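Enquirer: Sequence and predicted structure are below.
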2 protein chains.
Amino acid sequence: MIGYPDGRKPKKNFEKKSAVKKENKIFNSANRGMNFENDINLSNEYYLDKGLLLVYKRPTPINIVKVDYSKRSARITDAYFEKQSTTDYNGVFQGKYLDFEAKSTKNKTSFSLSNIFKHQIQHLKNVIKNGGIAFFLIRFEAHDKVFLIDAQWVISFFENGSRKSIPYETFLKEGIEIKQGFNPRLHYLDAVIKKYFT
Amino acid sequence: MIGYPDGRKPKKNFEKKSAVKKENKIFNSANRGMNFENDINLSNEYYLDKGLLLVYKRPTPINIVKVDYSKRSARITDAYFEKQSTTDYNGVFQGKYLDFEAKSTKNKTSFSLSNIFKHQIQHLKNVIKNGGIAFFLIRFEAHDKVFLIDAQWVISFFENGSRKSIPYETFLKEGIEIKQGFNPRLHYLDAVIKKYFT
C-alpha cells in the first residue's frame, strides 16, 4: 500500500476499503443462502450444456382468479399461490427419472422438517414406488456444506412422530457431501452417480 | 314417435327436441376437445391410484410482477404468462423418465405444427439425448381418435422446413391409437408399453 510522502498511511481510505470488504462478506454470506436455488439452476444449465443431465425446476403452482384480456398481452390481475404438492426439481439422467427437493438452513445442529409438506412426502413415496430416484439437497449455511440425502431418510424421520428435525450428524453419516465450485457451482451429479449408479 | 290423432306430426316439439339434441352434440364435441387435458389428468390419477405410473402436469409458468402482502394470504395483483419452454407432462414408469405434450385438433386431415414451440422441440431433443422417452398425445376430434406418436416424428416434421403440418395418415401408420374408455379415460400406458417396453 502506498502511503503519503511524509510516511503517514492513508487511514481514511484504508477504513473505507475494510468496510467494503466487510459488506462484501455479509453480502456473500446472505447471497449464498438465498441463492441456493440459483446455484442449482446454474448447475443444471452446466450439466444440460455438457449433455450429462436434464433437470428442470417446476414452476410455482398458482391459482389464477382474474385475467385482464383488454391489454395487448393478457395480464393476471388476481391470483394466489397454491400449496406445493410435489418437489421443486425433476429430470432425467441416462434414462432414469430423478426427483428432488432443495432446502437451505441456518441451523447448525439439525434440519427442521417444518418446511417439508405432507404432500411432498407422499409425492416422493410415489416416485420411489414407481422406480424413480428421490433425494434431497440440503445446504447447511453455517457449515458451508451441501449434502445429498436419499429421500427414504427424510420420509422415515417425517413419519416418525417423535422427531421434528434431522440431526446434522445424520447428514455426515448417511448423506453425501457435494463438492462446491465455480462451474458447476454444485457437483451434485457426482453424488447422484456415487449413490445410485455405482 | 307419437303423432296427433289426425296424423300430423308434432313439428314444434320435434324441432325443440332436435335443437336440444344438436346443442348436446355441440356441447359434447366441444367438451371432448376442451377436456382432453382433463381426460389425461383423470387417467393419470387412475394410474397413480393403481401404482402403475406417476405423471404430473407441469404448472403453467407465470412471471410475477406484483404481490400484495397486506391481506391475510399473499395475493398476486400483477403477473403475466410466460412462454412455455418445456412440455405439459412428465413422470416415471418403472424407473424410466417419460415426457410428453398433449394437443387436440379439429382438423380432419392433418395436425398443424403451429401450436408447437421451438423451445418445446429443443426440450424434447434434450429428453431423448438423456435417454428419456418422449412422445406426443394427439387427439383428432373429428375422428374421435387419440394417438401416441414418438417425439422423433414430430421433431422431424418440425425441422423439415417444407411442411407446416403432419398428415393424418402419418398417425394411422406411425402412431399408436389409444383405447378410450371410462376409467382410465385414455389407456395411454398400454400404448407406452407397446411402443417403448416390448
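Expert: Nice, thanks for sending it over.
Enquirer: A:F93: how many residues sit nearby?
Expert: Using other CB atoms under 10 Å in any protein chain shown, A:F93 has 22 neighbouring residues. (Each C-beta comes from the backbone N, C-alpha and C, glycine too.)
Enquirer: now it, which residues is it bridged with?
Expert: For A:F93, the beta-bridge partners under DSSP bridges are A:K96.
Enquirer: Would you mark the buried spots in stretch A:149-163?
Expert: Of the residues in stretch A:149-163, A:149-151, A:153-155, A:157-158 count as buried by neighbour count, 16 or more other CB atoms under 10 Å in any protein chain shown.
Enquirer: Now, these that are in strands?
Expert: In this view, those that belong to strands under DSSP state E are A:149-150.
Enquirer: between the buried residues of stretch A:149-163, which is nearest A:Q180?
Expert: The shortest approach to A:Q180 among those belongs to A:I149, at 16.4 Å (CB to CB).
Enquirer: And the strands in chain A, which stretches?
Expert: Listed in chain order, the strands found in chain A under DSSP E are A:54-57, A:62-68, A:75-81, A:89-93, A:96-105, A:110-112, A:133-140, A:145-150, A:165-167, A:176-177.
Enquirer: that older thread, can you redo the buried residues of stretch A:149-163 as CSV, where the extra columns are distance to chain B and pLDDT?
Expert: Below are the buried residues of stretch A:149-163 laid out as CSV (distance: CB to the nearest CB, whole Å; pLDDT from 0 to 100):
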residue, distance to chain B, pLDDT
A:I149, 20, 98
A:D150, 15, 98
A:A151, 13, 98
A:W153, 20, 94
A:V154, 18, 95
A:I155, 16, 95
A:F157, 23, 92
A:F158, 19, 92
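Enquirer: Just the closest of the buried residues of stretch A:149-163 to B:L113, please.
Expert: Comparing every one of those with B:L113 (CB to CB), the shortest separation belongs to A:A151, at 38.9 Å.
Enquirer: so how far is B:F93 from that closest one?
Expert: A:A151 sits 19 Å away from B:F93 when distances are taken as CB to CB, to the nearest Å.
Enquirer: swap in A:K145?
Expert: Computed with CB to CB, the distance linking A:K145 and B:F93 is 35 Å.
Enquirer: before we move on, what about A:V146?
Expert: Using CB to CB, we find A:V146 at a distance of 30 Å from B:F93.
Enquirer: what does A:P59 give?
Expert: Per CB to CB, A:P59 is found 23 Å from B:F93.
Enquirer: got it, and A:L42?
Expert: Computed with CB to CB, the distance linking A:L42 and B:F93 is 30 Å.
Enquirer: again, but for A:I64
Expert: In this structure, A:I64 and B:F93 are separated by 31 Å, where distance is defined by CB to CB.
Enquirer: now do A:E101
Expert: A:E101 is 21 Å from B:F93, where distance means CB to CB.
Enquirer: So for A:N44, what's the nearest residue that isn't a sequence neighbour?
Expert: Excluding its sequence neighbours, the residue lying closest to A:N44 (CB to CB, 6 or more residues apart in numbering or on different chains) is A:V55, at 4.7 Å.
Enquirer: Give me the neighbour count for that neighbour.
Expert: For A:V55, the number of neighbouring residues by other CB under 10 Å comes to 24.
Enquirer: Identify the bridge partners of it.
Expert: When bridges are taken as DSSP bridges, the partners of A:V55 come out as A:G91.
Enquirer: next one: A:F100
Expert: According to DSSP bridges, the partner residues bridging A:F100 are A:Y89, A:F135.
Enquirer: Surely it touches A:F135?
Expert: Yes: in this structure, A:F100 is within contact of A:F135 by CB atoms under 8 Å, at 4.9 Å.
Enquirer: check contacts around the residue nearest to A:N44.
Expert: Applying CB atoms under 8 Å, 6 or more residues apart in numbering or on different chains, we find A:V55 in contact with A:44, A:47-48, A:89-92, A:98.
Enquirer: Can you tell me which of the buried residues of stretch A:149-163 is nearest A:K195?
Expert: Nearest to A:K195, judged by CB to CB, of the buried residues of stretch A:149-163 is A:D150 at 6.8 Å.
Enquirer: So that closest one sits against A:V192, correct?
Expert: No: A:D150 is beyond contact range of A:V192, at 10.6 Å (criterion: CB under 8 Å).
Enquirer: okay, and the common contacts of those two?
Expert: Between them, A:D150 and A:V192 share the neighbouring residues A:F135, with contact defined by CB under 8 Å, 6+ apart.
Enquirer: Quick check: residues of chain A near chain B?
Expert: With the criterion set to CB under 8 Å from any CB of the partner chain, chain A comes near chain B through A:48, A:51, A:53-54, A:56, A:58-62, A:64, A:73-82, A:86, A:90-99, A:126-127, A:129-133.
Enquirer: ok, of those residues, which come out buried?
Expert: Burial by neighbour count, 16+ other CB under 10 Å: within the residues of chain A next to chain B this picks out A:48, A:53-54, A:56, A:58-59, A:61-62, A:75-79, A:86, A:90-93, A:96-99, A:126-127, A:130, A:132-133.
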